[in-house]
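Participant: Predicted model follows, preceded by the sequence.
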Amino acid sequence: QNKYGLKATTLAEYKETVKANPEKELINLEKFVPGLVLDIRYATTNNFTGEKIYNLARAYARKPVAESLKKIQADLKKQGLGIKIFDAYRPYKATVKFYEVYHDTTYVASPYRGSRHNRGCALDLTVINLKTGEELKMPTGFDSFKKEAWPTSPVSDPEILKNRTLLINAMEKHGFKVNGSEWWHYDFIGWKKYEVLDIDYEELEGI
Ligand SMILES: C[C@@H](N)C(=O)N[C@H](C)C(=O)O
Ligand SMILES: [Zn+2]
């Protein structure tokens, strides 16, 4: 256990759980979902910590999460739209770092419980126009920790309201629930069945 009383799953333990239940495998979303665009902010300094948190820009999620995302991407494609991922599976140590930088658990998961990202069951994302590659206009930027980011906050611009509603509906159709304080964060329903992991992308890829 660490100072927050949580013992996250290591690589060796994770491999055992996947052997027993292949649904627990972390899937590389970039390879699995056609046309998926990544902008992994925590692999850059362009994030709320101002620090580079990951060495590799990767997006992983548990198998059923990846399968749902594939369906969402296919649905959006029919409208000339696609998904851009800001973050997916997040090693537990990153959640600890986030909390130590920004103590408000309205916007950052508590290290006492861990994040649903740590379970490979949460995605931070937005919608892009496939032709231009541009993000659709949303109420705030990613990780803008303000009340305007809440999915229930009033929006005066009808286009922004339409875009936020489109994203929420697209995600909820395939088993995700929007976070109450962040329009870009979606939890996969059933996340409780998956352990909190603390495995870096390098470890996962055997680098
Ligand atoms: C830090 C932000 N992108 C986020 O993912 N927040 C939720 C609450 C989390 O940390 O799980
Ligand atoms: Zn998130």
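Facilitator: Looks like it arrived, so ask away. Note that this is a predicted model, so its numbers are computed, not measured. Ligands and ions are numbered 1, 2, ... in the order given.
Participant: Now Lys177, what are its backbone angles?
Facilitator: phi -130, psi 130 (degrees, to the nearest 10).
Participant: Show me what it is bridged to.
Facilitator: In this entry, Lys177 is beta-bridged to Asp187, by DSSP bridges.
Participant: I'd say it and Tyr186 touch.
Facilitator: Yes - with contact defined as Cβ atoms under 8 Å, Lys177 counts as touching Tyr186 (6.8 Å). To be clear about C-beta, it is placed using only N, CA and C from the backbone, and glycine gets the same treatment.
Participant: could you show me where the strands are in this structure, in order?
Facilitator: Assigned by DSSP state E, the strands in the chain fall at 26-28, 37-38, 60-62, 81-87, 122-129, 176-179, 182-188.
Participant: Redo those strands as TSV? Include distance to ligand 2.
Facilitator: Listed next are the strands of the chain as TSV, based on distance: least, Cβ to the ion, whole Å:
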stretch	distance to ligand 2
strand 26-28	16
strand 37-38	15
strand 60-62	12
strand 81-87	6
strand 122-129	4
strand 176-179	7
strand 182-188	4
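Participant: quick one, which of those is nearest to Glu159?
Facilitator: Smallest distance to Glu159 across the strands of the chain (Cβ to Cβ): 12.4 Å, for strand 122-129.
Participant: Tell me what the most centrally placed residue in the chain is bridged to.
Facilitator: With distances taken as Cα atoms, centre = their mean, the residue of the chain nearest its centroid is Leu123 (2.0 Å). Beta-bridge partners of Leu123, counted by DSSP bridges, are Tyr186.
Participant: I figured Pro22 hits Lys63, correct?
Facilitator: Yes - look at Pro22 against Lys63 with Cβ under 8 Å: they come within range, at 7.1 Å.
Participant: between those two, which one's more packed in?
Facilitator: Comparing Pro22 with Lys63 by other Cβ atoms under 10 Å, the one with more neighbours is Lys63, at 17 against 9.
Participant: in the chain, which spans are helices?
Facilitator: Assigned by DSSP state H, the helices in the chain fall at 11-20, 29-32, 63-77, 92-101, 158-172, 201-204.
Participant: Dump these to a markdown table, plus distance to ligand 1.
Facilitator: A markdown table is the format used below for the helices of the chain (distance: least, Cβ to the nearest ligand atom, whole Å):
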| stretch | distance to ligand 1 |
| --- | --- |
| helix 11-20 | 19 |
| helix 29-32 | 16 |
| helix 63-77 | 14 |
| helix 92-101 | 5 |
| helix 158-172 | 15 |
| helix 201-204 | 17 |
